[in-house]
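S.K.: Turn this into a model:
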Amino acid sequence: MVNTKHSILTRYQNNVESQQTVIDQLKRKLNGISFSRLGLFIAEIAIVALIINFGFEWFFAVLAFLPLVLFLFLVKRQVKVQKELIYAEKLLWVYKNEIAQLKESKNGYSDGTVYADEYHPYSSDLDIFGPGSLYSFVNRCNTQEGLDILARSLSEPGNQQEIEQRQEAIAELKEHIDQTFHFRAELQNHKPGQLKVIIRKLQEQLPEQLAFTRKASLRLYIKVVPFIMIVLFGMGIFFGTWAWQLFGVFAVINMALTFFNFKSINQVYYGFSGESAMLSAFAGSIKWTEDVTWKSKYIKNFFTHNTHPVPISKQIRKLSTIIQAFDARLNVIVGAFLNIFMVWDIRCSISLCKWYDESAQETIEGMTRISRFEELISFATLAYNQTDWNYPVIMPSFELRATELGHPLIPERVRVLNSFEVKDMPTVDIVTGSNMAGKSTFLRTVGINMTLAFAGAPICGQQMSLSIFKVLSYMRIKDSLNDQTSTFKAELNRLKMILDAIQANQNSFVLIDEMLRGTNSKDKYLGSKVFIEKLIEQNTPALFATHDLQLSEMEHDYPEKVRNYHFDIQITEGEMEFDYKLKHGPCKTFNAALLLKQIGLTLN
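M.R.: Numbers count the residues shown, from 1 in each chain. Below you'll find the model as predicted:
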């Protein structure tokens, strides 16, 4: 069955309905458990009242013990169901987010504003980061490292081999799209920086904090002390005072060991306090990546350093179990009991040290793998949702050809598609046309699809084949009061950046929209002409949008190096109509006079 956007949307809506049913059932379970706990509590009070009224009998003891056991069972059951409910709600959010993305282009993940950079060669001009950006459209990452990797993928092209391998990996992940929703739900409950914090603790802080646990004498004592305490406790029962005194001596020694190492224990404990649930979620996410037999080379490379015989997911769950055991110290009575009998805090610290020696490096690799999968899943979700998008062909030598190319951020119902190709050699293609006719949008359409192509993602078009270019843009040039930079100076700075880049990179591709707006018309024309001639001299392909028809005449002087295209308008009964279609040749129809007339100004 071939997926369509309608069928995908329907599927998401069905998932939302079924997931809501699961959530309702879990909430009813929790309510039932709460009422059962209340009933057991009342039953326990009733049994105590019977004992007070009728005196203690052995069967009353059994009756009193039974509600207590059942109560503890229900507490454990409630914790389990509560976790299931939290996960179910996160999975529901994931499905609802996809519906919002498809219907309204709204995405609950980060929009990448922190990565915006006006000095980047193209990201500001092509709307790569920020609200309503390509990053916002694509992103499905929740870890900081995943967000960073996605930003890098949209900021710089890989080589041909890497791009093709990424295409294969994204296509493979698309085949596992249902599992990716669960992968994302596992991570949705945690803040982006938490994974990075854990990795930093494992790499930098924990080795020093655990140094006190490496004493051989301490480890030997901790190993044998439970047996000593059990023997002394039994002897105290049978032999009385002197045995209890000996038991007390060892109890004091145990508490003293805990007290003298209290600062080091706290550093270890509070480094991971409260993170067992998050580690369990990470383990769940990693387990799925381990269970699949991956075919694509790009994903297989994520596992090349995984030489440990125990799966990383199990290693992380073991860490989570150690931290959960450590949490016993939070209960004063339980913590005191365990430290007296087993020197519990130091025992947990030693267990953590052993785990660190055996598993830390592998775990760091596994946690980093989560973020790498997140970034690929972002593009796989894009590929799944956009059923009519296609993977471009990456060519080893100069080429750019596109059929029915559209802007991915323009809603499909109003999106206009254009075909475009360059010759077998670089040309400067001058695009003229009226205001609002589509010149700027066309330049951004080409540039943003090139960005997708170089990330290994499908493009918003029927077909595209291209070589790898360093994209350079000049579109939204702004002045800066803080830097005391005028618009004209800002334009010159941008031109200097482009000139330096095309000299350093033979594979540059330049997108320019209305050059030198900050100066007079004569200098604007002469400057634009000289710049185009420089691009021709450097053999650099470019799309050059302008209102200046004089520049289109350069085709006569450079017939093999300059081509003319245009966007025009149709005027019907004084009303402008735009078709936003790219056409050959310079523009013949402009709309400035008509626009001025609409505000009360007439050109003579």
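S.K.: any idea how far stretch 22-30 is from the chain center?
M.R.: 30 Å (CA atoms, centre = their mean, to the nearest Å).
S.K.: mean confidence score for it?
M.R.: For stretch 22-30, mean pLDDT rounds to 95.
S.K.: Now it: buried residues?
M.R.: Neighbour counts using 16 or more other CB atoms under 10 Å place 22-23, 26, 29-30 of stretch 22-30 among the buried residues. Every C-beta, even on glycine, is put in place using the N, C-alpha and C of the backbone.
S.K.: With distance to residue 94 and secondary structure as added columns, please give these in a markdown table.
M.R.: Converted to a markdown table, the buried residues of stretch 22-30 look like this (distance: CB to CB, whole Å; DSSP: H, G, I helix; E, B strand; the rest coil):
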| residue | distance to residue 94 | secondary structure |
| --- | --- | --- |
| 22 | 13 | helix |
| 23 | 13 | helix |
| 26 | 17 | helix |
| 29 | 22 | helix |
| 30 | 22 | helix |
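S.K.: Kindly report the domain assignment for this structure.
M.R.: 1-104, 187-385, 393-598 (automatic domain parsing).
S.K.: Among the buried residues of stretch 22-30, which one sits closest to residue 499?
M.R.: For the buried residues of stretch 22-30, the closest approach to residue 499 (CB to CB) belongs to residue 23, at 58.9 Å.
S.K.: so how many other residues sit close to residue 38?
M.R.: Applying other CB atoms under 10 Å, we find 10 residues neighbouring residue 38.
S.K.: before we move on, what about residue 438?
M.R.: If we define neighbours as other CB under 10 Å, then residue 438 has 24 of them.
S.K.: contacting residues for the closest residue in space to it that isn't next to it in sequence?
M.R.: Leaving aside its sequence neighbours, residue 438 sits nearest to residue 580 (CB to CB, 6 or more residues apart in numbering; 3.9 Å). By CB atoms under 8 Å, 6 or more residues apart in numbering, residue 580 lies in contact with 416, 418, 437-438, 441-442, 567.
S.K.: Which of those residues fall within helices?
M.R.: Per DSSP state H, helices hold the following members of the contacts of residue 580: 441-442.
S.K.: any idea which of the contacts of residue 580 is least confident?
M.R.: residue 437 (79).
S.K.: residues near that one, how many?
M.R.: Neighbours of residue 437 (other CB under 10 Å): 24.
S.K.: Please enumerate the helices of the stretch 401-550 of the chain.
M.R.: Per DSSP state H, counting those that start in this stretch, the stretch 401-550 of the chain carries helices over the ranges 439-454, 487-504, 521-537.
S.K.: can you redo those as JSON lines with mean neighbour count?
M.R.: Putting the helices of the stretch 401-550 of the chain into JSON lines (neighbours: other CB atoms under 10 Å) gives the following:
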{"stretch": "helix 439-454", "mean neighbour count": "24"}
{"stretch": "helix 487-504", "mean neighbour count": "16"}
{"stretch": "helix 521-537", "mean neighbour count": "16"}
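S.K.: Tell me which of these lies nearest to residue 159.
M.R.: Residue 159 lies closest to helix 439-454 among the helices of the stretch 401-550 of the chain, at 9.8 Å (CB to CB).
S.K.: With just CA atoms, put that closest one into PDB.
M.R.: Below are the C-alpha coordinates for helix 439-454, written out as PDB (Å, rounded to 0.1, in the frame of the first residue of the first chain):
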ATOM      1  CA  LYS A 439      12.500  36.100  -7.400                       C
ATOM      2  CA  SER A 440      13.600  36.000  -3.800                       C
ATOM      3  CA  THR A 441      11.500  32.900  -3.000                       C
ATOM      4  CA  PHE A 442      13.000  31.100  -6.000                       C
ATOM      5  CA  LEU A 443      16.500  31.800  -4.800                       C
ATOM      6  CA  ARG A 444      15.600  30.500  -1.400                       C
ATOM      7  CA  THR A 445      13.900  27.500  -2.900                       C
ATOM      8  CA  VAL A 446      17.100  26.500  -4.600                       C
ATOM      9  CA  GLY A 447      19.300  27.200  -1.600                       C
ATOM     10  CA  ILE A 448      17.100  25.500   1.000                       C
ATOM     11  CA  ASN A 449      16.800  22.300  -1.100                       C
ATOM     12  CA  MET A 450      20.500  22.200  -1.600                       C
ATOM     13  CA  THR A 451      20.800  22.400   2.200                       C
ATOM     14  CA  LEU A 452      18.500  19.400   2.500                       C
ATOM     15  CA  ALA A 453      20.300  17.500  -0.200                       C
ATOM     16  CA  PHE A 454      23.700  18.000   1.500                       C
END
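S.K.: Show me what that helix is packed against.
M.R.: helix 134-138, strand 400-405, strand 418-421, strand 428-433, strand 461-466, strand 470-474, strand 508-513, strand 542-546 (3 or more CB pairs under 8 Å, 6 or more residues apart in numbering; DSSP states H and E).
S.K.: Select, out of the ones you listed, the one closest to residue 350.
M.R.: Judged by CB to CB, the one of the helices and strands packed on helix 439-454 that comes nearest to residue 350 is helix 134-138, at 45.2 Å.
S.K.: counting contacts, what elements does that closest one pack onto?
M.R.: Identification of packing neighbours for helix 134-138 by 3+ CB pairs under 8 Å, 6+ apart yields helix 144-153, helix 344-385, helix 439-454.
S.K.: Please point out which parts of the shortest one sit buried.
M.R.: By neighbour count, with 16+ other CB under 10 Å as the criterion, the buried positions of helix 144-153 are 144-151, 153.
S.K.: Could I get the CA-only coordinates of that helix as CSV?
M.R.: Output in CSV follows, covering the C-alpha atoms of helix 144-153 (Å, rounded to 0.1, in the frame of the first residue of the first chain):
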residue,chain,number,x,y,z
GLN,A,144,21.5,18.7,23.5
GLU,A,145,24.0,16.6,21.5
GLY,A,146,21.2,15.6,19.0
LEU,A,147,20.2,19.3,18.6
ASP,A,148,23.9,20.2,17.9
ILE,A,149,24.4,17.4,15.4
LEU,A,150,21.2,18.4,13.5
ALA,A,151,22.4,22.0,13.4
ARG,A,152,25.8,20.9,11.9
SER,A,153,24.0,18.8,9.3
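S.K.: How far away from the center of its chain is that helix?
M.R.: 7 Å.
S.K.: The second one too?
M.R.: Per CA atoms, centre = their mean, the displacement of helix 344-385 from the mean C-alpha position of its chain is 15 Å.
S.K.: Check what contacts the next helix or strand after that helix and list those residues.
M.R.: Proceeding N to C from helix 344-385, the next assigned helix or strand is strand 393-394, under DSSP states H and E. Strand 393-394 has contacts (CB under 8 Å, 6+ apart) with 160, 163-164, 453, 464-468.
S.K.: thinking again about what came up before, dump the helices of the stretch 401-550 of the chain into TSV; add distance to residue 406 as well.
M.R.: Output for those, formatted as TSV (distance: least, CB to CB, whole Å):
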stretch	distance to residue 406
helix 439-454	7
helix 487-504	26
helix 521-537	27
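S.K.: rewinding a little: wait, which of the helices and strands packed on helix 134-138 is closest to residue 91?
M.R.: helix 344-385 (14.4 Å).
S.K.: ok, back up a step: how about the domains of the chain, which one is nearest residue 122?
M.R.: It is, among these and with distance given as CB to CB, domain 393-598, at 4.2 Å.
S.K.: where does the stretch 51-200 of the chain dip in pLDDT?
M.R.: Within the stretch 51-200 of the chain, the set of residues satisfying pLDDT under 70 comprises 54-64.
S.K.: how about a cut-off of 90?
M.R.: 51-80, 83, 104-105, 158, 186-200 (pLDDT under 90).
S.K.: which stretches of it form helices?
M.R.: In the stretch 51-200 of the chain, helices defined by DSSP H, counting those that start in this stretch lie at 58-104, 134-138, 144-153, 160-174, 177-187, 194-200, listed in chain order.
S.K.: quick one: which two of the buried residues of stretch 22-30 are the most distant?
M.R.: The largest separation in the buried residues of stretch 22-30, counting by CB to CB, is between 22 and 30 at 12.8 Å.
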